[in-house]
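Novice: Here is my input, please return the structure:
(chains A and B)
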Amino acid sequence: MTRLAGGLSLGVLTLAIASLLVGPAGIGPSESLSALIRGDGGPLTLVMREIRTPRAILAILIGASLGLAGAAMQGYLRNPLAEPGLIGVSGSAAFGAVLAIHTGLAASFALALPLAALVGALGAVALVMALAGPRGTSLTLILAGIAVSALAGAFTSLVLNLSPNPFAANEIVFWMMGSLADRSMNHVWLALPFMLVGTFLLARLGRGLDALTLGEDAAQAMGIDLHRLRLMLIIGTACVVGSGTAVAGAIGFVGLVVPHILRPFVGAQPSRLLWASALGGAIMVLAADIAVRVILPARDLKLGVLTALVGAPLFLHLILKLRQERI
Amino acid sequence: MTRLNVSHLSVRRRDLDVLSDVSFSVDQGELIGLIGPNGAGKTTLMRAVLGLQDHDGQSSLAVLSSQDRARAVAWMPQAREIAWPVSVETAVMLGRTPHLSSIQHARETDHEAVDAALSEMDLQHLRHRAATQLSGGEQARVLIARALAQQTKLVMADEPIAGLDPAHQISTMQTFARMAASGISSIVSLHDLGLAVRHCTRLIMLGDGRLVADGVPQDVLTADRLAQVFGVTAFYQKTEQGPVYQSLEVTR
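Specialist: Have a look, this model is predicted:
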């Protein structure tokens, strides 16, 4: 337990430092770090502080929140195939961003695109809550999420369909693949408050999710307020996934695969899986973001593409394992 | 001391009376068998009593806050759900949920309660096994142990002994009986009338959503009621080895 926490924390730390040291500028490690810490005002400091630091911070923030939200969602639905995008927030955030690109709003000021994505995420939460009702069950939540996701997907396709020229469509498609390249500290400051609120809400769900292991009836009879739990889950997930998608685009498979991999290491207990998945998610996104810079530095490989490329086969492997013994 | 008061409890579902005007109360030290044919409303009654089901009429448990209720009554639902492969010990520890705040770790008393529940249900040797890998009967015992670990003055269980082997059926009923002797009351729904008459201090018979009879087993299980409500004839006699009941023929 503590060994797992230590190992995962060490992994996050190591990869965070690695993330600071990898880049096209090709500077030595000691030079980079001293430029970061001392800050001589030169171009090197600028690279470290304005380009690589926000990138590493965003990788940790987004990875941790996707892992946490994925673990919470799987715990609530008692289904290892659940993922944070299930409630339609990421799809709707993407739609908001796509609309901003299409209308040219994204070019009007620096944070127009992520703000539009946040508005999209907010709309999705409102819609899901209205559809699922205040006293609904987990099933109504899934159905509402599917409906909102489908709607957001349809609107996104519509915008692509109507895009005036191939360059606009290209820009939209590339954005949707998800990336951490060229993000600034402004993106960090935009996402951070939502991430903190969302993490605070989700991290408190542990006891309730544990009780839900025995079903909704039993959990309720053990004093768990399921309506409150569901509300906290929806708002928390919307905060972290909405803000994550807003600043980095859609990064799939992290919230699905990470809880799945770590579940056996925490004795399958949903509450312990929460923090473990947060650390594991940070590791996965940091590693993937380093990989896109190392594998094809010249081609701007997208982060979301890589997580899907790694995540999908890994997930298939886990399903095969699941067939042999229930995990 | 009264553990539960139910008065004029009714449940309607789509213009259909699933439960109508049921009243009873439970004293300390009672082991009540809730009997009735399939669809008689046993589960609905228990869920309404707990406040998990919309209802008319009063139940002294349904009006409590969810925290207070969880400390007053433990509930074992019929669906034996264990979603994740947690260890048996972890699953039983979930019964301590109402006694811990959202961030509190298990204390010495919690571990003692879990140990006691595990040995009561003969699960000590399985405590580190994944609960999902156990057989159905063993899982049922885990869930009963979970309810015991909650350490409430009233336990409600929906068909707790269905699917258990004869030895564990009897020992589970004996566990409930022992709890009753120490003042902890139980309401268990049962289909095995033989075990019901041997172990329960009182039977409540439901038929078509109505309370048909309520009293000591030999008063409740009359030939008339068995024929009317269950549609069976039965052999029922007091012997040297206690009361023996066996259903014989279908009457309709």
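
Novice: Poorly predicted segments of the chain, please.
Specialist: Picked chain A for this. A:1, A:25-26, A:39-41, A:325-327 (pLDDT under 70).

Novice: look at chain B instead
Specialist: In chain B, residues with pLDDT under 70: B:102-103.

Novice: The residue in the stretch 1-150 of chain B positioned nearest to chain A: neighbour count?
Specialist: Closest residue of the stretch 1-150 of chain B to chain A, C-beta to the nearest C-beta: B:A70 (3.2 Å). Placement of C-beta: from N, CA and C, glycine included. Per other C-beta atoms under 10 Å in any protein chain shown, the neighbour tally for B:A70 reads 24.

Novice: For it, pull up the helix or strand it's in.
Specialist: In this structure, B:A70 is located in helix B:66-72 according to DSSP states H and E.

Novice: Equivalent analysis for B:A74, please.
Specialist: strand B:73-76.

Novice: Give me the contact list for that strand.
Specialist: Contact with strand B:73-76 is made by A:217-218, A:221, B:4, B:46, B:50, B:52, B:61, B:95, B:143-144, B:146-148, B:150, B:152-158, B:160, as judged by C-beta atoms under 8 Å, 6 or more residues apart in numbering or on different chains.

Novice: at contact distance from chain A, anything in the helix or strand that it is followed by?
Specialist: Moving toward the C-terminus from strand B:73-76, the next helix or strand (DSSP H and E) is helix B:88-93. Yes. Counting by C-beta under 8 Å from any C-beta of the partner chain, chain A has neighbours in helix B:88-93: B:T90, B:A91.

Novice: Which parts of chain B are strands?
Specialist: Listed in chain order, the strands of chain B (DSSP state E) span B:2-13, B:16-27, B:31-35, B:56-59, B:73-76, B:154-158, B:185-189, B:202-207, B:210-215, B:232-239, B:242-250.

Novice: Just the buried ones from the contacts of strand B:73-76?
Specialist: A:217-218, A:221, B:4, B:46, B:50, B:52, B:61, B:95, B:143-144, B:146-148, B:150, B:152-158, B:160 (16 or more other C-beta atoms under 10 Å in any protein chain shown).

Novice: give me the number of residues near residue 88?
Specialist: If you meant another chain, say so; for now it's chain A. As a burial measure, A:G88 scores 28 neighbours (other C-beta under 10 Å).

Novice: I was after chain B.
Specialist: 28.

Novice: residues touching it, list them.
Specialist: B:L118, B:L123, B:L126, B:R127, B:H128, B:R129, B:A130, B:A131, B:L134, B:V142, B:A145 are the contacts of B:V88 under C-beta under 8 Å, 6+ apart.

Novice: mind running it again at 6 Å?
Specialist: Listed by C-beta atoms under 6 Å, 6 or more residues apart in numbering or on different chains, the contact partners of B:V88 are B:L123, B:L126, B:R127, B:R129, B:A131, B:V142.

Novice: if we can go back for a sec, list the strands paired with the strand holding B:A74, with their directions.
Specialist: Strand B:73-76 pairs in its sheet with strand B:154-158 (parallel), by DSSP bridges.

Novice: quick one: contacts of the partner strand?
Specialist: The contact list for strand B:154-158 (C-beta under 6 Å, 6+ apart) reads B:3, B:43, B:46, B:73-78, B:147, B:185-189.

Novice: One more: stretch A:230-249?
Specialist: Residues contacting stretch A:230-249 (C-beta under 6 Å, 6+ apart): A:62, A:65, A:69, A:72, A:76, A:84, A:89-90, A:93, A:114, A:117-118, A:121, A:125, A:175-176, A:178, A:180, A:187, A:191, A:194-195, A:197-198, A:201-202.

Novice: coming back round to it: compare the contacts of B:V88 and tell me which is most surrounded.
Specialist: Result: B:V142 is most packed of the contacts of B:V88 (other C-beta under 10 Å), 28 neighbours.

Novice: My guess is that one contacts B:A130. True?
Specialist: No. In this structure, B:V142 is not within contact of B:A130 by C-beta atoms under 6 Å, at 10.7 Å.

Novice: For the stretch 201-327 of chain A, which residues are neighbours of chain B?
Specialist: A:204, A:207, A:211, A:213-215, A:217-218, A:220-223, A:225, A:267-269, A:326 (C-beta under 6 Å from any C-beta of the partner chain).

Novice: Which of those residues fall within helices?
Specialist: A:R207, A:A211, A:D217, A:A218, A:Q220, A:A221 (DSSP state H).

Novice: quick one on the thing from earlier: want to try JSON lines for the strands of chain B, with distance to A:D289 as columns?
Specialist: Listed next are the strands of chain B as JSON lines, based on distance: least, C-beta to C-beta, whole Å:
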{"stretch": "strand B:2-13", "distance to A:D289": "54"}
{"stretch": "strand B:16-27", "distance to A:D289": "57"}
{"stretch": "strand B:31-35", "distance to A:D289": "59"}
{"stretch": "strand B:56-59", "distance to A:D289": "56"}
{"stretch": "strand B:73-76", "distance to A:D289": "47"}
{"stretch": "strand B:154-158", "distance to A:D289": "51"}
{"stretch": "strand B:185-189", "distance to A:D289": "56"}
{"stretch": "strand B:202-207", "distance to A:D289": "62"}
{"stretch": "strand B:210-215", "distance to A:D289": "66"}
{"stretch": "strand B:232-239", "distance to A:D289": "70"}
{"stretch": "strand B:242-250", "distance to A:D289": "69"}
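
Novice: surely A:A112 meets A:A106?
Specialist: Yes. Counting by C-beta under 6 Å, A:A112 does reach A:A106; the two are 5.2 Å apart.

Novice: what's the distance between A:M129 and chain B?
Specialist: 22 Å (C-beta to the nearest C-beta, to the nearest Å).
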